[in-house]
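Asks: got a predicted structure plus its sequence, pasted below:
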Amino acid sequence: MQFKLEHKDPKSKARAGEIKTDHGIIQTPIFMPVGTQGTVKGVHQRELKEDVNADIILGNTYHLYLRPGIEVLEKAGGLHKFNSWDRPILTDSGGYQVYSLSGQRKIKEEGVKFQSHIDGSYHLFSPEVAIDIQRSIGADIIMAFDECTPYPCEYDYARDSMHMTHRWLQRCFDRFNATEPKYGYEQTLFPIVQGSVYKDLRAKSAEVIASFNADGNAIGGLSVGEPDEDLYEMTDLVCSILPEDKPRYLMGVGTPVNILECIALGVDMFDCVMPSRNARHGMLFTSEGIINIKNQKWKDDFSVLDANGSSFVDHEYSKAYLRHLMITNEFLGIQIATLHNLSFYLWLVREAREKIISGEFASWKDQMVIKLANRL
């Protein structure tokens, strides 16, 4: 993987760059749609490429390990062949899913023993196992195994967890360096900064992660319930320490406002289930603000979903028609809403990229965050 830093915004820390992988080029800043179980829910791969125009999507190590299972993925030739996606893929390590199973797992130095949410069977994820699974999945970018601490989190727990994450990271790199990709193309391992919302821990973790000289670095353990002020403060601190010539990936973030604010702090890569998950409940993100399309006020509103054309579906469907589909529980309604939100998110980061290149990002961002927070 290669990263080229192309432009810097003169009035913020925002950057525009390009990541080159064996499955294609990713222009940053970028939002990555989440395909938890090998698919972005309700969306064809063709639509992701042609309509949403996603450069890269995510897969989930925990879920893919349980279903369809590593044996099936290896027989298929990896996730790219299995789901017919020929652009880059990033996989998480399973650490966040294990974190979310707080009542069904035990964390030890060896790794994490957990119960499957499907059948209750017991499994062990260790740093070595997480690397082996991601080798078998075959993602272009794979993540180190870490512990995502909850919020709020006691200082001593956050400190001990961070140190364990660093020890696990060394084991991840040892396993990664001792193994080879399985499908004829290269994979890249990103380490993850932890430390909860404690500045000294975040700074220490960022220094340790930077010392590994990986091709890219991730910031984890945020967007887990902490106030936005803490999210921004920790992100700003970590970005000031992580190397400038490597891409920075802020995991699990977030709202359109969060994304713009964190681009301004120097983040290059984002993912979040919000655009697809919220779409299924009728929440639409637009360039003028947030719409609950199920509300009565849209019943006879025949205007397009976003007059600024931030979505590929804007010229095809009206608010009234989409509301009708959602109220009547038609599958097409969820599909249209999901495609709208995903294409809006990709539109947003691409607009940000253009503004960074033109030197207008800071003023544009300040105007956009006010609009994006509106409830229409």
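Replies: Arrived safely.
Asks: show me the helices in this protein, by range?
Replies: Counting by DSSP state H, the chain has helices at residues 45-47, 61-66, 70-76, 79-83, 95-100, 127-137, 155-178, 199-211, 228-241, 256-263, 274-279, 319-327, 331-358, 361-372.
Asks: the shortest one: how far from the chain's middle?
Replies: Going back to what we said before, that points to helix 45-47. Offset of helix 45-47 from its chain centre (Cα atoms, centre = their mean, to the nearest Å): 19 Å.
Asks: cool, and the fourth one?
Replies: On the basis of Cα atoms, centre = their mean, the separation between the geometric centre of helix 79-83 and that of its chain is 19 Å.
Asks: now tabulate the helices of the chain in a markdown table and tack on mean pLDDT and distance to residue 36.
Replies: C-beta here means a position set from N, CA and C on the backbone, and glycine is covered the same way. As requested, these are exported to a markdown table (pLDDT from 0 to 100; distance: least, Cβ to Cβ, whole Å):
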| stretch | mean pLDDT | distance to residue 36 |
| --- | --- | --- |
| helix 45-47 | 96 | 15 |
| helix 61-66 | 96 | 5 |
| helix 70-76 | 98 | 15 |
| helix 79-83 | 98 | 12 |
| helix 95-100 | 71 | 9 |
| helix 127-137 | 98 | 13 |
| helix 155-178 | 98 | 22 |
| helix 199-211 | 98 | 25 |
| helix 228-241 | 98 | 23 |
| helix 256-263 | 98 | 20 |
| helix 274-279 | 97 | 9 |
| helix 319-327 | 98 | 22 |
| helix 331-358 | 97 | 13 |
| helix 361-372 | 98 | 25 |
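Asks: nearest to residue 39, of the ones you listed?
Replies: helix 79-83 (6.4 Å; Cβ to Cβ).
Asks: tell me what that closest one is packed against?
Replies: Secondary-structure packing of helix 79-83 (3 or more Cβ pairs under 8 Å, 6 or more residues apart in numbering; DSSP states H and E): helix 70-76, strand 89-91.
Asks: how many other residues sit next to the closest residue to residue 291 other than its chain neighbours?
Replies: In this structure, residue 291 finds its nearest non-sequential neighbour in residue 284, 4.3 Å apart by Cβ to Cβ, 6 or more residues apart in numbering. Other residues near residue 284 come to 25 when the count uses other Cβ atoms under 10 Å.
Asks: about what we covered before: redo the helices of the chain as JSON lines? Include mean neighbour count.
Replies: Output for those, formatted as JSON lines (neighbours: other Cβ atoms under 10 Å):
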{"stretch": "helix 45-47", "mean neighbour count": "15"}
{"stretch": "helix 61-66", "mean neighbour count": "23"}
{"stretch": "helix 70-76", "mean neighbour count": "15"}
{"stretch": "helix 79-83", "mean neighbour count": "19"}
{"stretch": "helix 95-100", "mean neighbour count": "22"}
{"stretch": "helix 127-137", "mean neighbour count": "23"}
{"stretch": "helix 155-178", "mean neighbour count": "18"}
{"stretch": "helix 199-211", "mean neighbour count": "19"}
{"stretch": "helix 228-241", "mean neighbour count": "18"}
{"stretch": "helix 256-263", "mean neighbour count": "24"}
{"stretch": "helix 274-279", "mean neighbour count": "22"}
{"stretch": "helix 319-327", "mean neighbour count": "19"}
{"stretch": "helix 331-358", "mean neighbour count": "22"}
{"stretch": "helix 361-372", "mean neighbour count": "17"}
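Asks: stretch 345-356: how far from the chain's middle?
Replies: 16 Å.
Asks: tell me the domain ranges of the protein?
Replies: Domain segmentation of the chain under automatic domain parsing yields 2-272, 274-376.
Asks: so where is the stretch 1-150 of the chain shaky, pLDDT-wise?
Replies: For the stretch 1-150 of the chain, the stretches with pLDDT under 70 are 97-99, 102.
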